[in-house]
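Asker: Generate a structure from the sequence data that follows.
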Amino acid sequence: MEVFWSRGYEGAQLVDLTKAMGINPPSFYAAFGSKEDAFCEAVDLYVATVGAEPMLALERAKTLRNGLRTLIERSIDVALSTEAGGCMLILGVINHLPENAGACARLKAARQITHDLIERRLERAIHDGELPESCHVGALASFFHGVLQAVSFQARDGASRADLRRLIEPALAALPGSES
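Answerer: All right, here's what the predicted structure looks like:
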């Protein structure tokens, strides 16, 4: 997972992967079948571990505003937790080469899950009276998902924690009825 996260799908070479795992190429292929299959397993591991905390924070917060704040804060933590910076789900495959279609599709599906979790939390906020019923949940979910992507790209470009935290208040100001 760490190799794919830091180097991306294209940049991770078999020698890097086998060295990180302490195995030889035949063992790698026996365990995973292919680089793409290994990548998909790494994505699943990332989603279940590193990527789970921001999503759980969004779900567990008592208010939408606190949930979104914590979601962005935890995403900043994730983006800064590796030397390469960024989120594996966003930066794992940058080039959409035909031979990378399967890896691209796996990441797109994982990102869609994140978008859907945000959208469901926004729908809950409408049900709970935190947002007006006229709120366009899909557009707002896409906006906050885009903020997470901005965090990832800016972290990869070397943004500091303070720089990334400055994204939080303007993002929260996008909530309907925001006082900010």
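
Asker: how close does the nearest residue to Leu17 once chain neighbours are set aside sit to Ala20?
Answerer: The shortest distance from Leu17 to any non-neighbouring residue, by C-beta to C-beta, 6 or more residues apart in numbering, is to Val3 (5.5 Å). The C-beta positions use only the backbone N, C-alpha and C, and glycine is treated the same way. The gap separating Val3 from Ala20 is 5 Å, by C-beta to C-beta, to the nearest Å.

Asker: Tyr46 is in contact with Thr114, correct?
Answerer: No - in this structure, Thr114 is not within contact of Tyr46 by C-beta atoms under 8 Å, at 11.6 Å.

Asker: list the residues that contact both of these two?
Answerer: When contacts are counted by C-beta atoms under 8 Å, 6 or more residues apart in numbering, Thr114 and Tyr46 are jointly contacted by Leu89.

Asker: show me the contacts for Tyr9.
Answerer: Residues in contact with Tyr9 (C-beta under 8 Å, 6+ apart) are Lys35, Glu36, Phe39, Gly92, Val93, Asn100, Ala103.

Asker: one more time with 10 Å
Answerer: 35-36, 38-39, 42-43, 88, 91-95, 97, 100, 102-104, 106-107 (C-beta atoms under 10 Å, 6 or more residues apart in numbering).

Asker: can you list the residues that contact the lowest-mean-pLDDT helix or strand in the chain?
Answerer: Ranked by mean pLDDT, DSSP states H and E, the weakest helix or strand in the chain is helix 88-91, scoring a mean of 86. With contacts defined as C-beta under 10 Å, 6+ apart, helix 88-91 is touched by 1-2, 4-6, 8-9, 39, 42-43, 45-47, 50-51, 75, 78-79, 82, 84-85, 106-111, 113-114, 145, 148-153, 155-156.

Asker: how about a cut-off of 6 Å?
Answerer: Trp5, Tyr46, Leu107, Ala110, Arg111, Gln149, Ser152, Arg156 (C-beta atoms under 6 Å, 6 or more residues apart in numbering).

Asker: shaky segments in the protein?
Answerer: Residues of the chain meeting the criterion pLDDT under 70: 178-180.

Asker: Which single helix of the chain contains the most residues?
Answerer: What stands out as the longest helix in the chain, according to DSSP state H, is helix 101-127.

Asker: what is the orientation angle of the following helix or strand past that helix with helix 101-127?
Answerer: Downstream of helix 101-127, the next assigned helix or strand under DSSP states H and E is helix 137-156. Here the directions of helix 137-156 and helix 101-127 differ by 130 degrees (axes from the mean of the first three to the mean of the last three C-alpha atoms, to 10 degrees).
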